[in-house]
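Visitor: Provide a 3D model corresponding to the input given below.
(chains A and B)
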Amino acid sequence: DVKVTQSSRYLVKRTGEKVFLECVQDMDHENMFWYRQDPGLGLRLIYFSYDVKMKEKGDIPEGYSVSREKKERFSLILESASTNQTSMYLCASTLTGGPYEQYFGPGTRLTVT
Amino acid sequence: RKEVEQDPGPFNVPEGATVAFNCTYSNSASQSFFWYRQDCRKEPKLLMSVYSSGNEDGRFTAQLNRASQYISLLIRDSKLSDSATYLCVFRNSYTGGFKTIFGAGTRLFVKA
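Guide: Modelled structure (predicted):
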């Protein structure tokens, strides 16, 4: 059974803190993604990675960075958390050659106070 | 024009009803189309892909209209368990890569 796991389901951080969100997939997928989901806005792509050590900016990369040192692990970093980064963060993975179904982790609900 | 437009609903329907959602897209080069389902406080999961000729999976029928640039999802004989948010998803290929676009979702409530 395919599986994407995220390090935390709920996280509360203070403004200015550095925040690490971890994502691990066990499907040997090349592509991994980080999204944030906010009411009325849907899923917005923050960063994605086609391969180890590769990263590409998505639609809203400002304030975020990523790291992919191993194929199965994709980390999202908030260098200095701000209140407008309070959101649901979802990690996903998919194969390069198809099928193109994206498998999502359970999400991390981050609150920045 | 937004890349994808989806009626947010909510759609409130009784059990047994038939309900349909549409989703329009602006990129005529969109190549792959999907419907995902997202339960409250859960992650999105693939419901079904949408093929050019239309496809059916039990009570669910998905259709693609390339000329008018929309996809649709029809749910027949609605069940309480169909209550969820339905996301339309498009995958666009371009030189050097691809991009997946998610709609904001349509909320469906099925009531007894």
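
Visitor: any idea which helix or strand comes after the lowest-mean-pLDDT helix or strand in chain B?
Guide: Sorted by mean pLDDT, DSSP states H and E, the helices and strands of chain B end with strand B:97-102, the least confident at a mean of 84. The helix or strand immediately downstream of strand B:97-102 is strand B:106-111, counting by DSSP states H and E.

Visitor: what inclination does the lengthiest strand in chain B have with respect to strand B:97-102?
Guide: If you go by DSSP state E, chain B has its longest strand at strand B:84-94. Following axes from the mean of the first three to the mean of the last three CA atoms, to 10 degrees, one obtains 160 degrees for the angle between strand B:84-94 and strand B:97-102.

Visitor: which other residues reach strand B:84-94?
Guide: A:42-43, A:100, A:102, B:3-4, B:6, B:21, B:23, B:25, B:27, B:29-40, B:44, B:47, B:71, B:73, B:98-108 (CB atoms under 8 Å, 6 or more residues apart in numbering or on different chains). The way it works is simple: take the backbone N, C-alpha and C, and place the C-beta from them, glycine included.

Visitor: what sits against the most centrally placed residue in chain A?
Guide: In chain A, the residue lying closest to the centroid (CA atoms, centre = their mean) is A:Trp34, at 2.8 Å. Neighbour list for A:Trp34: A:21, A:23, A:45-48, A:58, A:64, A:66, A:74, A:76, A:89-91 [criterion: CB under 8 Å, 6+ apart].

Visitor: now do B:Phe21
Guide: B:Gln6, B:Asp7, B:Gly9, B:Phe11, B:Ser72, B:Leu73, B:Tyr86, B:Cys88, B:Thr106, B:Leu108.

Visitor: Check those for burial and list the buried ones.
Guide: Neighbour counting over the contacts of B:Phe21 (16 or more other CB atoms under 10 Å in any protein chain shown) leaves B:Gln6, B:Phe11, B:Ser72, B:Leu73, B:Tyr86, B:Cys88, B:Thr106, B:Leu108 as the buried ones.

Visitor: How about whatever helix or strand the fourth one lives in and chain A, touching?
Guide: Of the helices and strands defined by DSSP H and E, B:Leu73 is found in strand B:70-75. No: contact between strand B:70-75 and chain A is absent, the nearest approach being 14.9 Å (criterion: CB under 8 Å from any CB of the partner chain).
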